[in-house]
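Engineer: predicted model follows, preceded by the sequence.
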Amino acid sequence: MTSAVELSGITKRFGDVVAVDNVDLSIADGEFFAMLGPSGCGKTTTLRLIAGLEFPTEGSLSIFGQEVGTLTPDKRPVNTVFQNYALFPHLTVLENVGFGLKMQGIDKETIRSRSMEMIELVQLDGLAERKPSQMSGGQQQRVALARALVNQPKVLLLDEPLGALDLKLRQEMQLELKKLQRDVGISFVFVTHDQEEALTMSDRIAVMDDGKLLQVATPEEIYERPANRFVADFIGQTNLLEGTVSDAETVILENGISVRAKNGFIAGTHVAVSLRPERAHIQSQGKFEEGWSHVNGSVETVTYLGNALIYGIKLDWMDLEVREENHPGVELHRPGAEITVSWDPEAISVVSN
Amino acid sequence: MSTSVEPRGWAKAALHANGWFVYMFFYAPIVLLVIYSFSNSRNVGTWGGFTLDWYSDFFDSSNARGALSNSVKIAIFSTIISVALGTMAALSLERFTFRGKKVFDALLYLPIIIPDVTMAVMMLLFFGEFFDVLDALFGLGLRKGFWSISISHIAFNISFVSVVVRARLAGMDTDLEEAAIDLYASRWKAFRYVTFPQIVPGIAGGALLAMTLSLDDVVITQFVSGPGWTTLPVYVFGLIRKGVTPLINAVSVTMLVVSMLLVVLSIVAQRVRRNG
Amino acid sequence: MKTVVKIDTETATATPEFEKAALRQESRRGLFLALPAYLYLIFFFVISLFIVFIYSFATRNRFGGTDLSGWNLDSYARISEPIVRDVLFRSVWLAFLTTVICLVIAYPFAYFLSTRRVAVRNIMLVFVMIPFWTNFLVRNFAWRVILGNDGPLTNATEFVGLGSAELLFTQTAVVLGLVYGYLPFMILPLYAAIERIDRRLLEASRDLYGTGLQSFRHVLFPLSMPGVIAGSILVFVPSLGAYVTPEILGGAKTTLLGSYIVTQFLTARNWPFGAALSFVLMLVMLVTTIVYFRKGGRTL
């Protein structure tokens, strides 16, 4: 099956700056796909390249097998939901939604009926004659979606679609976007810097940094088996314990302790063991689960979150963060308490530097 | 907002007094001028009962009417051309990069900062040297007068229009144009349906400014107008220098009314700008 | 769902050459838009300025014409003649005076404006804009009427027993006319600068034991400096080259640079000298503005 979007060897340079560096990427039809990374990592540029708002410097870019690298946006079967929506302020909701159809020279009746249909689909019935400035952020977001989707694009591109909304509305819209995507059945490619948003919404995530594609995988894979140190650190919270690979099963940490850690590196490679705060467990010194790796340390800080406790742990050679769920009967440790941190060897991952 | 840092006591009183003074200063002369234009006295500054004679004198004077019509023609023509060129210039500077852009940008400021008198001299010498050449080249049968004045007014108005339109363009997100193109608009259609409606208030503001400046100009027009050709401000200026008569009051008030109309229009344009 | 959009059939893989060509096309579009105005400005400003420059080295012949042969610096040398120096000094002095007076009136006004409620402020601004848009000649003429021999001012001063004011045709009248003409040019940039200043900075200054005067000196005024400079340039520049105001309100003894230049062309028919003077005037303006922009000012 051909991919909805296929990038191979795509590079974009602005003068001396390499914004997108030799990216290979394939997005399947019907996929909810996130492009994640810190600001300036090249994710928005990649989206703009797919949209046609920028031309790639090099590489092949195709949509459903059709090479589009040299086509202008109006010749590509994709539409974009812009950051801050870019709704035309002088047009009504109906005119905004119908804009793309009007530009394609479709007759007025069809424009009207299809636009109204789309306005209903995004639940804005009755607001068709409003101007964007008279609408809330969430409503504007829906107009932007309708305006893009009415053209029946083969792929919908979304640039930080929820960035302008407040937290509660954002969570609502996450679910709605997901549902909308299932309803229309096309792939949604969305750019975000919010890793939580990427994890909750997407089928697959592409993590970018400094113009390079670091990992493309499902949320679970990205979280459990990050491809490298950057991904491990960027997605969720983690403790990175520096060490050297001893064999396929063992890593020797900086302080000389060997811990069990399955890895695919050759012996002698400098690596980091990524230990998620919630995967570690604290007990009074000397106690730990059978078969678990463990290190001794002392509690330095305790942060009470209500549903959980975050412990700042001081080891001999580094600091750790450990999260304990706050269920009834959980053992509380006070600052200064001598403790043992232990973890299931299966619950960690080893990443290259 | 906290008011604890605002001046109190005498300082506050002084600020208020200064505010009133500024408005008095601005408007008292204008109001007096209007009043005296209805005064039935040969003396411009004395009240001699109400009359409309000076206005009828003005409208009966073929010289004055001719000058008025010249002014209006030149204002309209030079505004149309400078709005077209100024808007294009603004678009090129706000939306494109091209070779020589920096020089162009700097050049556009020149007409704004050059003093009237210098510009008048420049135009005088330019037409002295080139008008015949231009005439011979294009065979337009140009004569000093309408064409030389219009060309000069366009020369300074392009800059003012482009500054106003640029401000409006700078405030408009390029996202909107990209969205239009993403929605299958060609470059032209994106301009026609998105950019243009967005910058109309700026264009209108620029046009009104250009018209005002054209109707205001004395020095440059005086330098480049040909024999027997004059605009209203130059005509009035000439009259004032010959000696002040109540007729000038009437002409001035007429010009004042035109200015005020343009102000009202520009405020309306600003309203649209805010709601846009 | 049917697909409405047809994919263009002419497609290819992007290459650096294609990208460059696309950029070039974009740049051509920009240049194409700029071109008419660009050419216009080159014609009427670059070339004509050059002509003025050439003329300033030429010689006036006996019939009031200009000989372009035999270039010399005579016209520039004449600037040091006492009569010309007087005109120059007087012009600079009056323009400076006008600027200072405008600043003194406009600063408190702009500050006052910025402390008003938004609705009130907008109305107040409109009433500053109206004189700004009103015909300059007419506004100067109004003062001619007021200051005239038996105008309202003289009538008023005579009525209260002060005798005739006799301001017309004096330097005072010229400065009055210039201040009247250019005050809005000072108020507007000042207001723009002061309005932008975060009021909390003044509160912080008071919190840190600053008196009202100290807060003004050390916080408000320095922060409003861009507005002060922009306003001063906008007033000083046209005042220095003023022609209409001194012609209407000034007398024979108050010839200023603007009128002096005009005289060289329309009456004395000494074009080279007039050209040299205009060129000097323009240089002064240019240097002033460039210094301002170099210092990072943007509010012009």
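Structural biologist: Cool, the structure landed.
Engineer: low-confidence regions, chain C specifically.
Structural biologist: C:1-11, C:63-64, C:161-165, C:295-300 (pLDDT under 70).
Engineer: now the longest helix anywhere in it: how far from the chain's centre is it?
Structural biologist: Identified as the longest helix of chain C according to DSSP state H is helix C:82-115. With CA atoms, centre = their mean, to the nearest Å as the basis, helix C:82-115 stands 12 Å off its chain's centre.
Engineer: packing partners of it?
Structural biologist: The contact analysis (3 or more CB pairs under 8 Å, 6 or more residues apart in numbering or on different chains; DSSP states H and E) places helix C:82-115 against helix B:9-36, helix C:118-133, helix C:171-196, helix C:225-240, helix C:257-266. Where C-beta positions appear, they are placed from N, C-alpha and C, glycine not excepted.
Engineer: quick check: next helix or strand after the shortest one?
Structural biologist: In this case it means helix C:257-266. As assigned by DSSP states H and E, the chain's next helix or strand after helix C:257-266 is helix C:271-294.
Engineer: and for B:Ser37, nearest residue in space, chain neighbours not counted?
Structural biologist: In space, and not counting its chain neighbours, B:Ser37 is closest to B:Asn249: 3.8 Å by CB to CB, 6 or more residues apart in numbering or on different chains.
Engineer: number of residues surrounding the one you found?
Structural biologist: A count of nearby residues for B:Asn249, using other CB atoms under 10 Å in any protein chain shown, gives 27.
Engineer: sec struct for it, please.
Structural biologist: Assigned with DSSP: H, G, I helix; E, B strand; the rest coil, B:Asn249 falls in the helix class.
Engineer: and it, what does it touch?
Structural biologist: B:Leu33, B:Tyr36, B:Ser37, B:Ser39, B:Val44, B:Trp54, C:Val145 (CB atoms under 8 Å, 6 or more residues apart in numbering or on different chains).
Engineer: now A:Met208: phi and psi?
Structural biologist: Main-chain dihedrals, A:Met208, degrees, to the nearest 10: phi -120, psi 150.
Engineer: OK, contacts around it?
Structural biologist: A:Val23, A:Met35, A:Leu36, A:Gly37, A:Cys41, A:Gly42, A:Lys43, A:Thr46, A:Leu214.
Engineer: contact partners for A:Asp282?
Structural biologist: For the record, residue A:282 is Ile, not Asp. Neighbour list for A:Ile282: A:Val299, A:Tyr311, A:Ile313, A:Val322, A:Glu324, A:Glu331, A:His333, A:Ile339, A:Thr340, A:Val341 [criterion: CB under 8 Å, 6+ apart].
Engineer: again, only using 7 Å
Structural biologist: A:Tyr311, A:Val322, A:Glu324, A:His333, A:Ile339, A:Val341 (CB atoms under 7 Å, 6 or more residues apart in numbering or on different chains).
Engineer: and A:Glu31, by the same measure?
Structural biologist: By CB under 7 Å, 6+ apart, the neighbours of A:Glu31 are A:Ser187, A:Asp203, A:Arg204.
Engineer: returning to that earlier point: can I get the helices and strands packed on helix C:82-115 in TSV with mean neighbour count and distance to A:Pro89?
Structural biologist: Formatted as TSV, these follow (neighbours: other CB atoms under 10 Å in any protein chain shown; distance: least, CB to CB, whole Å):
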stretch	mean neighbour count	distance to A:Pro89
helix B:9-36	15	35
helix C:118-133	15	21
helix C:171-196	23	24
helix C:225-240	23	30
helix C:257-266	22	46
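Engineer: quick one: closest of these to chain A.
Structural biologist: Closest of these to chain A is helix C:118-133, at 18.3 Å (criterion: CB to the nearest CB).
Engineer: thanks a lot, see you next time.
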